[in-house]
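Engineer: need a 3D model of the following:
(4 chains)
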There are 2 protein chains.
Amino acid sequence: METRELRFFVAVAEELHFGRAAQRLGMAQPPLSRAIRQLERRLGTTLFDRDSHRVALTAAGAVLLDEGRAALDAVEAAERRTRRAGSAEPGRPGLVLAVKAGASTDLLAKLLDAYAAEPGAVAVEVILCGPGQQETILRDGRADVALLHRPFDAAAGFDTEELLTEDQVAVLPAGHPLTANDQLSLADLDDLPDLPRPRWPHPDGSYPEGPGPEVRDHTQLLQLIGLGRTLTIAPDSCRSQLREDTVAVPLRDAPRVTTVIAWPPHSRSRPVADLIRTATRL
Amino acid sequence: METRELRFFVAVAEELHFGRAAQRLGMAQPPLSRAIRQLERRLGTTLFDRDSHRVALTAAGAVLLDEGRAALDAVEAAERRTRRAGSAEPGRPGLVLAVKAGASTDLLAKLLDAYAAEPGAVAVEVILCGPGQQETILRDGRADVALLHRPFDAAAGFDTEELLTEDQVAVLPAGHPLTANDQLSLADLDDLPDLPRPRWPHPDGSYPEGPGPEVRDHTQLLQLIGLGRTLTIAPDSCRSQLREDTVAVPLRDAPRVTTVIAWPPHSRSRPVADLIRTATRL
DNA sequence: CGGCACGATACCGTACGGGTATCGCCACGT
DNA sequence: ACGTGGCGATACCCGTACGGTATCGTGCCG
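Structural biologist: Numbering: from 1, shown residues only, chains lettered A, B, ... in the order given. A predicted model of the protein is given here:
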């Protein structure tokens, strides 16, 4: 199976419409139809149930959509990482690390310092990304290593090492009545009319429905908290980054959060191994 | 990047010889050379250092070899699993489970029985494979689920659930002097001139060097132990399968072995989820 | 210094991927 | 009921890029 065919298939499977899929692929509809038919012939299976007015995935098609996306990610990762390894003049980033923007700043600083002191250290580029995007970025090769937060980020498919386990705190506007408590429970934070939970974008950029404000990054989030418009739950170590107009209150019953360093299981590269070793020794 | 190019690249990278690689690919050498050059141009990187008498991987080439193999496995897996899902007439195997031949027989039997009793259970095909092959088979899509033994099998890149942890025993020929002990240590089994360790084949089918007998499966192994030609270390549960001419002796200091059920992290399929749920409830 | 092993280059034919035009089918509207 | 429009399939054409054969250039070996 060629990646071109897989890309065709995924486009049709996502659009469930040959015309739109062809448009997305920048081609005409007939060759697309033909390519899919040919793919079906070669696989010996029909992938779509279609008449002139409905296109639907068969069971086999659903399997290929899952597996095919993973395969395309793997190919894309191979391509990107090779490109990066190729253009490795000293000074250009030899290693890309994905972290959730605003999280674990002190741990991150310690890690980068310690690694830079290692013999054979290469330049590290840090990608700051929204919650839940590190997995994607690590999977498709834009990053080589990531810092994830269990149990919130899925580390499925990666090798990991635990670095740090912390309690969580509620981050609230300074002066809010709840800040009078020296401890809170998760239930206290549910359904507060004045402090609805913020809404983070999905991977596709769309926002879920709800009353809370839409946020894109942690700076924005902290500003909104300071303005008394929302609240958030964060690892204890976030205290060091709080502004004067926000307050952290320990949570009695929030799950403890573990920061782990994650990497694709076949990374045999020297810099990745060095960085991981450095991290585990912190 | 197309999978065809990746296959070309991997062939050359493994042979380090354009002529032989072309032969392996069933094509002539010139188009292969050209395809590699073109791949290098598109990636903007040289992948091989070559003159007329030596071909060697560059750093970028080494990266692409690792990542490319993984990507090809993923594509192959997508293809195989789709084919399997497509030809799913009731009766044909809907689920393939890879287990190390001869290991965990009783656990396996319980699992298969329990799963068969589930509503919505599909036919399960069991693949018996040599040690260390389950990962490959699971990765390239010939199996959907595998039973692995930690810490011996690498579960890197898969999701896992622990099922059972056991101590290990030494399996020896009946009547051998060592069987007089009611406990042994690993050191007692090293460098026994009369009982050299068996040699298992590598994934490519070749055998490592050494004095021990070459074995392909556990039946053969047990027979050779019975004949007093070798010994092995195995989980406690293997006792139920021993022959009369072999004896198990507990090991004081062998690492405990954990049987885990493993699956590719993106399996969203109903039968896989059912089987895993069944396994964790045993 | 001649022979050889090997990768690169040159050149050619063909098969396949993509485009345009058109058909066939079904749902819907009036 | 019939016309219309939307959509996937089919028919046909064309360009390109992939693979094959022949040959070259080069460095190693005897």
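Engineer: quick one: the helices in the stretch 151-282 of chain A?
Structural biologist: Along the stretch 151-282 of chain A, the segments classed as helices by DSSP state H, counting those that start in this stretch run A:218-226, A:270-280.
Engineer: dump those helices to CSV, plus mean neighbour count, mean pLDDT and distance to DNA strand C.
Structural biologist: C-beta: built from backbone N, CA, C; applies to glycine. As requested, the helices of the stretch 151-282 of chain A are exported to CSV (neighbours: other CB atoms under 10 Å in any protein chain shown; pLDDT from 0 to 100; distance: least, CB to the nearest atom of the strand, whole Å):
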stretch, mean neighbour count, mean pLDDT, distance to DNA strand C
helix A:218-226, 19, 85, 41
helix A:270-280, 17, 92, 27
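Engineer: do you know which of those lies nearest A:P250?
Structural biologist: helix A:218-226 (16.5 Å; CB to CB).
Engineer: picking up where we left off before, the helices of the stretch 151-282 of chain A: which one's closest to chain B?
Structural biologist: With CB to the nearest CB as the measure, helix A:270-280 is the member of the helices of the stretch 151-282 of chain A nearest chain B (9.4 Å).
Engineer: that older thread, how about the helices of the stretch 151-282 of chain A, which one is nearest DNA strand D?
Structural biologist: Of all the helices of the stretch 151-282 of chain A, helix A:270-280 sits nearest to DNA strand D, with 28.8 Å by CB to the nearest atom of the strand.
Engineer: send me stretch A:153-166 as CSV with only the CA atoms.
Structural biologist: Extracted in CSV, the C-alpha atoms of stretch A:153-166 (Å, rounded to 0.1, in the frame of the first residue of the first chain):
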residue,chain,number,x,y,z
ASP,A,153,-2.1,13.2,28.9
ALA,A,154,-2.2,9.8,27.3
ALA,A,155,1.2,8.3,27.1
ALA,A,156,0.0,5.4,25.0
GLY,A,157,2.6,4.1,22.6
PHE,A,158,5.5,5.9,24.1
ASP,A,159,8.2,4.9,26.5
THR,A,160,8.2,7.0,29.6
GLU,A,161,10.2,7.7,32.8
GLU,A,162,8.6,9.3,35.8
LEU,A,163,10.2,12.6,36.9
LEU,A,164,8.1,14.2,39.6
THR,A,165,4.7,13.7,41.3
GLU,A,166,2.9,16.6,42.8
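Engineer: show me which residues of the stretch 101-250 of chain A sit near chain B.
Structural biologist: Residues of the stretch 101-250 of chain A found near chain B (CB under 8 Å from any CB of the partner chain) are A:G141, A:A154, A:A156, A:G157, A:F158, A:D159.
Engineer: buried only: go through those residues for me.
Structural biologist: With burial judged by 16 or more other CB atoms under 10 Å in any protein chain shown, the buried subset of those is A:G141, A:A156, A:G157, A:F158, A:D159.
Engineer: of those, which is the nearest to A:D236?
Structural biologist: Of these, the one sitting nearest to A:D236 (CB to CB) turns out to be A:F158, at 24.6 Å.
Engineer: OK, contacts around that closest one?
Structural biologist: A:E135, A:L138, A:A146, A:A262, A:W263, A:P264, A:P265, B:G157 (CB atoms under 8 Å, 6 or more residues apart in numbering or on different chains).
Engineer: before we move on, back to that, which among the buried ones among the residues of the stretch 101-250 of chain A next to chain B gets closest to DNA strand D?
Structural biologist: Using CB to the nearest atom of the strand, these come closest to DNA strand D at A:G141, 22.5 Å.
Engineer: does the nearest residue to the closest one once chain neighbours are set aside lie in a helix or a strand, and which?
Structural biologist: Nearest residue to A:G141, sequence neighbours excluded (CB to CB, 6 or more residues apart in numbering or on different chains): A:A77, at 3.0 Å. Taking DSSP states H and E as the criterion, A:A77 maps to helix A:59-86.
Engineer: thank you, goodbye.
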